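> Can you look at this prediction? I've put the sequence above it.
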Amino acid sequence: MIILENVTKIYEASNGSVTAVDNVSLQIKEGEIFGIIGYSGAGKSSLIRLLNGLEKPTKGKVVVAGRDIANIKGKELRKARQEIGMIFQHFNLLWSRTVRENIAFPLEIAGVPKTQRKQRVDELIQLVGLQGREDAYPSQLSGGQKQRVGIARALANNPKVLLCDEATSALDPQTTDSILELLVDINKRLGLTIVLITHEMHVIRKICDRVAVMENGKIVEQGEVLQVFRQPKQAITKRFVQQVVEPEETKETITHLLDRYPNGTVVQLTFVGEAAEQPLIANVVRQFQIDANILQGKISQTHQGSYGVLFVHMDGEKEEIARAIDYIRSQQVAVEVITDAR
């Protein structure tokens, strides 16, 4: 559905050039929800603007829905953009237009007859859950409702791809979750390919099938979300994963408890999929002559299954702890020894 081959975007400035996207190659499958995550200045927004032709690459090839976006213009580019919807962080609604009129706007530009416009707008209002708000103006809507208008407007021309540029960054956590659930529903119903730009790992965890991590204009890591959570390779990816799986107070808690329990071993257990739902610690205590004290832990749900991290303090004979760790690993749970004070 989307192919980027060795794409580079360089902006010229008075004090020199800036490489916003640096030799990026990427393939996004039809019908998947693909996340691109990075901190400010990583090149995410420049990359997404290359996908809908708002920017042209300095080098490389950008193919979306079978069209070489970088090498078309005029009528052909306008037609291609009708197949690529986009929603924004700050909604970008027309404040003098009602909900219905905002959604209808791209249909007007496309020359869709009035009767068909009305029918399509009614369908979209139903789809995004804005029944009863058709005649409200943006100033009368909550942030979540404004974004629902933005989503409906982006879907007006039945696009094949939906681009989301920090679409939930201006929303509170509860509203963010409702918008993410709506995007998943739209993906399932319409088979729409969704590309989601964000700096929040919670968003990636919640709905994405695969993720690419950007830093300094490059993609430094990519893969299925659950695999990236399980084995993050780059330092920046580890920081993003820690946003979700390791509470801020974890290190403080471990340090405090180690002061109280100077003997034994502290391990970090990483669970993926069904392993996150098994009574592992109870089984370990029953089978081995050790004491196990859970210091901190969290289980998160990703779009592909459960992912959990647990910090456990084990006390007992060295050989018995080693046997317990071997058993845990045999249960498809990753084990990392944090401290070994025996």
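Cool, the structure landed.

> Spell out, range by range, the strands that occur in the protein.
Ranges of strands in the chain, per DSSP state E, are 2-13, 16-28, 33-37, 59-64, 67-68, 84-88, 161-165, 193-198, 210-215, 218-224, 265-272, 290-302, 305-316, 334-340.

> Could you dump these into a markdown table with distance to residue 45 added?
Just so you know, the C-beta spots here come from the backbone N, C-alpha and C atoms, and that holds for glycine as well. A markdown table is the format used below for the strands of the chain (distance: least, C-beta to C-beta, whole Å):
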| stretch | distance to residue 45 |
| --- | --- |
| strand 2-13 | 11 |
| strand 16-28 | 8 |
| strand 33-37 | 10 |
| strand 59-64 | 15 |
| strand 67-68 | 21 |
| strand 84-88 | 10 |
| strand 161-165 | 6 |
| strand 193-198 | 6 |
| strand 210-215 | 10 |
| strand 218-224 | 15 |
| strand 265-272 | 32 |
| strand 290-302 | 25 |
| strand 305-316 | 28 |
| strand 334-340 | 35 |
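
> so how far is residue 299 from residue 292?
To residue 299, residue 292 is 17 Å away according to C-beta to C-beta, to the nearest Å.

> just to revisit the earlier point, output the strands of the chain in TSV; the columns should cover mean pLDDT.
TSV is the format used below for the strands of the chain (pLDDT from 0 to 100):
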stretch	mean pLDDT
strand 2-13	94
strand 16-28	94
strand 33-37	96
strand 59-64	94
strand 67-68	90
strand 84-88	92
strand 161-165	95
strand 193-198	95
strand 210-215	96
strand 218-224	95
strand 265-272	84
strand 290-302	81
strand 305-316	83
strand 334-340	82
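
> Between those strands, which one is closest to residue 174.
Among the strands of the chain, strand 290-302 comes nearest to residue 174, with 16.2 Å by C-beta to C-beta.

> So for residue 292 and residue 299, which sits in the more crowded spot?
Neighbours per residue, other C-beta atoms under 10 Å: of residue 292 and residue 299, the larger number sits with residue 292, 19 against 13.

> now the more buried one, which residues is it bridged with?
Residue 292 forms beta bridges with residue 314, as assigned by DSSP bridges.

> Report pLDDT for the most centrally placed residue in the chain.
Nearest to the geometric centre of the chain sits residue 204, at 2.2 Å (C-alpha atoms, centre = their mean). Listed pLDDT for residue 204 reads 92.

> Which residue, other than its chain neighbours, is closest to it?
Spatially, and ignoring its direct neighbours in sequence, residue 204 is nearest to residue 35 (4.3 Å; C-beta to C-beta, 6 or more residues apart in numbering).

> any idea how far the one you found is from residue 189?
According to C-beta to C-beta, residue 35 stands 20 Å off from residue 189.

> next one: residue 300
Per C-beta to C-beta, residue 300 is found 26 Å from residue 189.

> What of residue 103?
Relative to residue 189, and taking C-beta to C-beta, residue 103 is found at 17 Å.

> who's more crowded, the two?
Per other C-beta under 10 Å, whichever of residue 103 and residue 189 has more neighbours is residue 103, with 30 against 9.

> Any stretches of the stretch 101-250 of the chain with poor pLDDT?
245-250 (pLDDT under 70).

> May I have the residues that are in contact with residue 209?
Contacts for residue 209 (C-beta atoms under 8 Å, 6 or more residues apart in numbering) come out as 32-34, 224-225, 303-304.

> Return a PyMOL selection command for the buried portion of those residues.
Per 16 or more other C-beta atoms under 10 Å, the buried members of these correspond to this PyMOL selection:
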select buried, resi 32+33+34+225+303+304
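
> Tabulate the contacts of residue 209 in JSON lines, adding columns for distance to residue 209.
Below are the contacts of residue 209 laid out as JSON lines (distance: C-beta to C-beta, whole Å):
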{"residue": "32", "distance to residue 209": "5"}
{"residue": "33", "distance to residue 209": "5"}
{"residue": "34", "distance to residue 209": "7"}
{"residue": "224", "distance to residue 209": "7"}
{"residue": "225", "distance to residue 209": "7"}
{"residue": "303", "distance to residue 209": "6"}
{"residue": "304", "distance to residue 209": "7"}
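
> which among the contacts of residue 209 gets closest to residue 80?
Nearest to residue 80 among those, counting by C-beta to C-beta, is residue 34 at 18.9 Å.

> For the nearest residue to the closest one once chain neighbours are set aside, the count of nearby residues, please.
In space, and not counting its chain neighbours, residue 34 is closest to residue 28: 4.6 Å by C-beta to C-beta, 6+ apart. Here the number of neighbours of residue 28 (other C-beta under 10 Å) works out to 22.

> likewise residue 123?
Residue 123: 14 neighbours (other C-beta under 10 Å).

> Brilliant, that's me finished.
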